[in-house]
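S.K.: Dropping the sequence and predicted coords here.
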Amino acid sequence: FVATPVRDDRGRTVGVLAFRIRPDKEFSRILETSRSGETGETYVFNDRGVMLSDSRFDEQLRNAGMIADDPDSHAILNVELRDPKGRTVPKSLPAQRSGGKAPLTRMAASAVKGSAGADVDVDGYNDYRGVPVVGAWAWLREGDTLLSTSESKNRHIGIAPGIGIATEVDVDEAYAPLITLNRVFLVLLCILGLVAALAILLQVREHKEEQARLLAENSLQWNRERLKSVISHAMDGIVTIHDDGTIESANPAVERLFGYPAEELIGKNVSLLMPEPYKGEHNGYIETYLRTGQARVLGLEREVPGLRKDGEVFSLGISVSEMFLGEDRMFVGILRDVSQRKQDEEKLRQYAAELEKSNEALKDFSFIASHDLQEPLRKIVSFADLLKTKNERLDPDSRNYLVRIQAAAQRMRDLIYDLLRYSQIESRPKTKRSLDLKEVVRDVLEDLEIAIKQTQGRVETSNLPVIEADGTLIRQLLQNLVANALKFHKAGEPPLVKIHGRQAEEGFWEISVQDNGIGFEEKYKDLIFKPFQRLHHRNEFPGAGMGLTICRKIAQEIGGTLAVHSVPSGGCTFTLRIPANAAVGSHELGSDGEQASSRAI
């Protein structure tokens, strides 16, 4: 009920004006006007936390068993505002219908304390359904008598210290716009971040591209300056030519070569530098290449007549190459004066011809001399032999002279024989055939059997190949080397000669002849191959000094080389290198399967 006194003009109470408000009807309808959204509601409660107005969730409360399952039952005076402690409303009987009571909700507990003013909780708390809500509430201090009306009777509630009013809405609905806004804001923030990152990336990329461009331009400029400097200081003339044959640039060497300043050449056809008929031919070369793609002069050095400004014609060496600057086709010509080179080549040809004549004359002289000298030499030897038969009639000095004459004649005979052999190396016809070097060495050892026996020497061989060569020359070469090793042995130590073959690098076979003889200093390794050169007096070791000369000449004739390595008292190793295509195969000496064989007498 709501009542107010009625007073007269004098202020005396003459009556009471009162009207009744039914909580389940008009009062609840008034509060229903403040409901918002899907879950917003406003309700009133007393100091015990009992609802004094209807609930928006009566149907849900009936299903949960918090009020009677009757369409006429309501939450008014039937539901207490108690917190199910974080649980949603169970379908079974809630706590306030069971044995114990749950504590008041956070809102109700705060309101019934009677604090003046309103209070708000936006963090969220459980309402009487156990659902998280946000809400605002106030405690109204009034002295009104509160009554509850039902269909059967009116029940007096009593005098309450006041009533509480609360407005609540579910947290999910209350913060749904904020969550959506947060999501939108997050999406916008991500988009903004992505745009910012892309902007930064593009800026960095543009900066790098700019730096790269500047670096490339600086590098290009530096290369241009360097190339310009190189071209300017080049000894050869360098011109750049357009595809129409006009000169674009010319370096100082071109100016010196032709006598034209560069300004007079630029823009002129390169044929200006050539006399007829080469002037027209050069233009034809470029036109043919541009039309057919067939390069008749590109990349080749040609020798053509050059024409200087003063009209002098000289021998000009020219080589042309193609290059592209962007889409522009250019040709680069390298020009040089080859007049001196031609003169030198002509002189060289003349020297070669004269040398060939000299060699032929020397060969003829050696051959003729060796034959013509043999006749008087034979007479000298014959007369010396006749005098030797009269030895008892000669005085001691005459006998000494006779011995010297015979020794000199023998040396002369050896020299003539060596000269004859040397001259025959090139002049005699060559007969290449398959040679088994093991057989060749056996023949050599048979020829040197006496020398081997006298020196108590030993010859070992291994891995000798089968080659294609002139048998006479190969046998003579090996015999000279083995005889040399036997002759130059150490006193009191029998000579040991090792002949070994191996597949060498660069397509060669190597045949080495190694001894344990007296050796020599390495500085004489070239001298010993020269004609008539000796490192010892003939009284120590006999010979004319032609043996190794003949060996090297033979090596050259068969397309190989002959080298030597030696140390004093450490022996020598002569190495014959033969082209691999001359070697057919290799095998070991001996028929018993051993890797090496030796011959000792």
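M.R.: Arrived safely. Please read these numbers as outputs of a predicted model, since none were measured by experiment.
S.K.: Could you break the chain into its assigned domains?
M.R.: The chain is divided into the following domains under automatic domain parsing: 16-170, 175-223, 234-337, 343-424, 430-600.
S.K.: okay, the ones you listed in CSV with distance to D8 and mean pLDDT next?
M.R.: The C-beta positions use only the backbone N, C-alpha and C, and glycine is treated the same way. As requested, those are arranged in CSV below (distance: least, Cβ to Cβ, whole Å; pLDDT from 0 to 100):
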stretch, distance to D8, mean pLDDT
domain 16-170, 13, 75
domain 175-223, 56, 88
domain 234-337, 115, 78
domain 343-424, 154, 74
domain 430-600, 144, 78
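S.K.: Show the backbone phi and psi for D119.
M.R.: D119 adopts backbone torsions of phi -140, psi 150, taken as degrees, to the nearest 10.
S.K.: before we move on, back to that, closest one to V6 among the domains of the chain?
M.R.: Comparison of the domains of the chain against V6 by Cβ to Cβ identifies domain 16-170 as nearest, at 5.5 Å.
S.K.: can you redo the domains of the chain as CSV with distance to R7 and mean neighbour count?
M.R.: Below are these laid out as CSV (distance: least, Cβ to Cβ, whole Å; neighbours: other Cβ atoms under 10 Å):
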stretch, distance to R7, mean neighbour count
domain 16-170, 11, 16
domain 175-223, 52, 10
domain 234-337, 111, 16
domain 343-424, 150, 13
domain 430-600, 139, 17
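S.K.: Could you dump the ones you listed into a markdown table and include distance to A3?
M.R.: A markdown table is the format used below for the domains of the chain (distance: least, Cβ to Cβ, whole Å):
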| stretch | distance to A3 |
| --- | --- |
| domain 16-170 | 4 |
| domain 175-223 | 43 |
| domain 234-337 | 106 |
| domain 343-424 | 144 |
| domain 430-600 | 131 |
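S.K.: of those domains, which approaches R10 most closely?
M.R.: domain 16-170 (17.2 Å).
S.K.: Could you tell me the end-to-end distance of the closest one?
M.R.: Chord length of domain 16-170, first to last residue, is 43 Å (Cα to Cα, to the nearest Å).
S.K.: Which helix in this protein has the most residues?
M.R.: For the chain, the helix that runs over the most residues, judged by DSSP state H, is helix 176-233.
S.K.: Could you list every helix and strand that that helix packs against?
M.R.: Judged by 3 or more Cβ pairs under 8 Å, 6 or more residues apart in numbering; DSSP states H and E, helix 176-233 is in contact with no other helix or strand.
S.K.: C-terminal to it, what's the next element?
M.R.: Using DSSP states H and E, the helix or strand that follows helix 176-233 in sequence is strand 237-242.
S.K.: so what secondary structure elements neighbour that next one?
M.R.: strand 247-250, helix 252-258, strand 328-337.
S.K.: Neighbouring strands - and their directions - for the shortest one?
M.R.: Read that as strand 247-250. With DSSP bridges as the test, strand 247-250 is paired with strand 237-242 (antiparallel).
S.K.: Just say helix, strand or coil for V169.
M.R.: Under DSSP: H, G, I helix; E, B strand; the rest coil, V169 falls in the strand class.
S.K.: Contact partners for the closest residue to it other than its chain neighbours?
M.R.: With Cβ to Cβ, 6 or more residues apart in numbering as the criterion, V169 has its nearest non-adjacent residue at 4.1 Å, and that residue is G40. Neighbouring residues of G40 by Cβ atoms under 8 Å, 6 or more residues apart in numbering: S34, T167, E168, V169, E173.
S.K.: before we move on, the earlier item: okay, angle between the longest helix of the chain and strand 328-337 too, please.
M.R.: 30 degrees (axes from the mean of the first three to the mean of the last three Cα atoms, to 10 degrees).
S.K.: angle of the longest strand seen in the chain against strand 237-242?
M.R.: Longest strand in the chain by number of residues, with DSSP state E as the criterion: strand 313-325. Interaxial angle, strand 313-325 versus strand 237-242 (the same axes, to 10 degrees): 50 degrees.
S.K.: what helices or strands is strand 313-325 leaning on?
M.R.: strand 301-307, strand 328-337, helix 339-389.
S.K.: which stretches of the stretch 351-500 of the chain form strands?
M.R.: Ranges of strands in the stretch 351-500 of the chain, per DSSP state E, counting those that start in this stretch, are 432-436, 458-462, 464-470, 496-503.
S.K.: Can you say which of the ones you listed is nearest to D127?
M.R.: Of the strands of the stretch 351-500 of the chain, the one closest to D127 (Cβ to Cβ) turns out to be strand 496-503, at 102.9 Å.
S.K.: Give the partner strands of that closest one in its sheet and their orientations.
M.R.: Assessed with DSSP bridges, strand 496-503 is paired to strand 458-462 (parallel), strand 508-514 (antiparallel).
S.K.: looking at those strands, which is closest to V239?
M.R.: Proximity to V239 (Cβ to Cβ) singles out strand 508-514 among these, at 46.4 Å.
S.K.: That closest one vs strand 464-470, what angle?
M.R.: Using the same axes, to 10 degrees: strand 508-514 against strand 464-470 is 110 degrees.
S.K.: could you dump strand 508-514 to PDB, C-alpha only?
M.R.: Written as PDB, here are the backbone C-alpha positions of strand 508-514 (Å, rounded to 0.1, in the frame of the first residue of the first chain):
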ATOM      1  CA  PHE A 508     104.600 -40.500 -71.500                       C
ATOM      2  CA  TRP A 509     106.500 -43.600 -70.600                       C
ATOM      3  CA  GLU A 510     109.700 -43.100 -68.600                       C
ATOM      4  CA  ILE A 511     112.700 -45.500 -69.000                       C
ATOM      5  CA  SER A 512     115.300 -44.800 -66.300                       C
ATOM      6  CA  VAL A 513     118.900 -46.000 -66.300                       C
ATOM      7  CA  GLN A 514     120.300 -45.700 -62.800                       C
END
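S.K.: List of residues touching that strand?
M.R.: In contact with strand 508-514 (Cβ under 8 Å, 6+ apart) are residues 437, 464-465, 467, 478, 481-482, 485, 497-504, 560, 571-580, 582-583, 586.
S.K.: ok so, going back, can you put the helices and strands packed on strand 237-242 in CSV and add distance to N516?
M.R.: Formatted as CSV, those follow (distance: least, Cβ to Cβ, whole Å):
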stretch, distance to N516
strand 247-250, 69
helix 252-258, 62
strand 328-337, 57
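S.K.: Figure out which of these is closest to G15.
M.R.: Nearest of those (Cβ to Cβ): strand 328-337, 118.3 Å.
S.K.: Return the list of helices and strands in contact with the closest one.
M.R.: Checked by 3+ Cβ pairs under 8 Å, 6+ apart, strand 328-337 has strand 237-242, helix 252-258, strand 313-325 packed alongside it.
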